[in-house]
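Q: Give me a 3D structure for the following:
(one chain, ligands or ions: 1)
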Amino acid sequence: MQRRTIDQLLDVGDGRAFPPDLERGLREAIEQGIEGVLDGSTQPLVLSKEPPFEHSAASATGTLAHRAIEVDVAAGHAVEPDRVVELASERLGRDRRFALYWDGLDQVERAELAMQALRSLEQFRASFPPVHAFRRALAPVSELWLESPFANGLVTVRGRVDLVLNPARTGRATRVLIDLKGGRARSEHPEDMRLYALLYTLRTGVPPVRVATFFLSSGEWMLEDVSDSTLEHAADRVVAAAGSASRRARGDPPRLVPGPHCARCPVRDRCPAAV
Ligand code: SF4
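A: Next up, the predicted model:
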């Protein structure tokens, strides 16, 4: 399984060349687009994939599992999985939202949550080469926050990539961005990854060569090689999202789009479209 991940997901050869002014062109296109949709509004907007929410069992499990994988990737040597999950729960004690949920659990419920995170960690270890042993070859970065301001800071776009792998090479796109998922494939996953590719390009000036959503339970993934048109598409979506958020901020009613994301929505109880 680890060999398959290397051969089919991480082996990108020499990567790909990209136009030197790619980042500047994308930024200018977004700035121009946003100027048109803000319509003079001066209300600051933050666009992020993650809405504010209170933890449920599913989201807390996912958070603990991701933190455990982050600890595992950061460790310079092999650490027992139990200890990794323990360290992850200690680190998350400083996260207000997670601590609120965790403190409300009894000992058995905490052990169940930890066991599910342990399973995800084992699935990760079964799928990816041991990061501590191949640190130089994989050049891993986990939980990478990316942020880009536009319109003099009026619009901020944020995202967080679970895992960035492959060494960077001057003048070539070689990095692979990976989102780790405990659940099943959803239609929004590819768009999320395109947004991360755009934010990464804007932040570093270099596009990733590939993005992928990796499903821990099956070891399968959804992969997309990042082209210039992938990034232009993501830039168009940022402009559309800024326009939509701006109209909402000015009092327009929201266009409700129900779907699996409703499960984590904080207004689900009073939303007429919730599923
Ligand atoms: S449709 Fe309603 S419940 Fe579903 S995500 Fe949108 S606002 Fe939330």
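Q: Please give the element, helix or strand, for residue 207.
A: According to DSSP states H and E, residue 207 maps onto no helix or strand at all.
Q: so what's it up against?
A: Residue 207 makes contacts with 18, 22, 173, 197, 200-201, 226, 228, 231, as judged by Cβ atoms under 8 Å, 6 or more residues apart in numbering. Glycine gets a C-beta too; all of them are placed from N, C-alpha and C.
Q: same question, residue 260
A: Counting by Cβ under 8 Å, 6+ apart, residue 260 has contacts residue 186.
Q: which bits of this protein sit near the ligand?
A: For the chain, the contact set with the ligand under Cβ under 6 Å from any ligand atom comprises 256-258, 261-262, 265, 267-268, 271, 273-274.
Q: before we move on, back to that, neighbour-wise, give me the winner out of the contacts of residue 207.
A: When these are compared by neighbour count (other Cβ atoms under 10 Å), residue 197 ends up highest, at 28 neighbours.
Q: Next one: it from the ligand, what distance?
A: Noted for residue 197: a distance of 24 Å to the ligand, by Cβ to the nearest ligand atom, to the nearest Å.
Q: Kindly report the same for residue 253.
A: 11 Å.
Q: tell me which element the spatially most distant residue from the centre of the chain is part of?
A: The outermost residue of the chain, judged against the average C-alpha position, is residue 40 (31.0 Å), by Cα atoms, centre = their mean. Counting by DSSP H and E, there is no helix or strand that carries residue 40.
Q: Then residue 47?
A: Here residue 47 is assigned to strand 45-48, by DSSP H and E.
Q: List the strands paired with that strand, with their directions.
A: The pairing partners recorded for strand 45-48 under DSSP bridges are strand 155-165 (parallel).
Q: Can you show me the CA trace of the partner strand as PDB?
A: C-alpha atoms of strand 155-165 as PDB (Å, rounded to 0.1, in the frame of the first residue of the first chain):
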ATOM      1  CA  VAL A 155     -11.400  40.200   1.800                       C
ATOM      2  CA  THR A 156      -9.400  37.400   3.400                       C
ATOM      3  CA  VAL A 157      -9.400  33.900   2.100                       C
ATOM      4  CA  ARG A 158      -8.100  31.100   4.300                       C
ATOM      5  CA  GLY A 159      -7.600  27.400   4.200                       C
ATOM      6  CA  ARG A 160      -5.600  24.600   5.800                       C
ATOM      7  CA  VAL A 161      -3.800  21.800   4.000                       C
ATOM      8  CA  ASP A 162      -3.400  18.500   6.000                       C
ATOM      9  CA  LEU A 163      -0.200  17.400   4.300                       C
ATOM     10  CA  VAL A 164       2.300  18.800   1.800                       C
ATOM     11  CA  LEU A 165       4.800  16.300   0.500                       C
END
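Q: Enumerate the positions of it that are buried.
A: Buried residues in strand 155-165, counting neighbours by 16 or more other Cβ atoms under 10 Å, are found at 155, 157-165.
Q: Show the backbone phi and psi for the residue farthest from the centre of the chain.
A: When quoted as degrees, to the nearest 10, the phi and psi of residue 40 stand at phi 80, psi 0.
Q: how much does the helix or strand encompassing residue 61 deviate in direction from strand 155-165?
A: Assigned by DSSP H and E, residue 61 belongs to helix 57-74. Interaxial angle, helix 57-74 versus strand 155-165 (axes from the mean of the first three to the mean of the last three Cα atoms, to 10 degrees): 60 degrees.
Q: Now helix 57-74: average pLDDT?
A: For helix 57-74, mean pLDDT is 93.
Q: Tell me if I am right that residue 179 is in a helix.
A: No - membership of residue 179 in a helix is not supported by DSSP: H, G, I helix; E, B strand; the rest coil, which gives strand.
Q: tell me the contacts of it?
A: Counting by Cβ under 8 Å, 6+ apart, residue 179 makes contact with 161-163, 189, 192-193, 196, 211-214.
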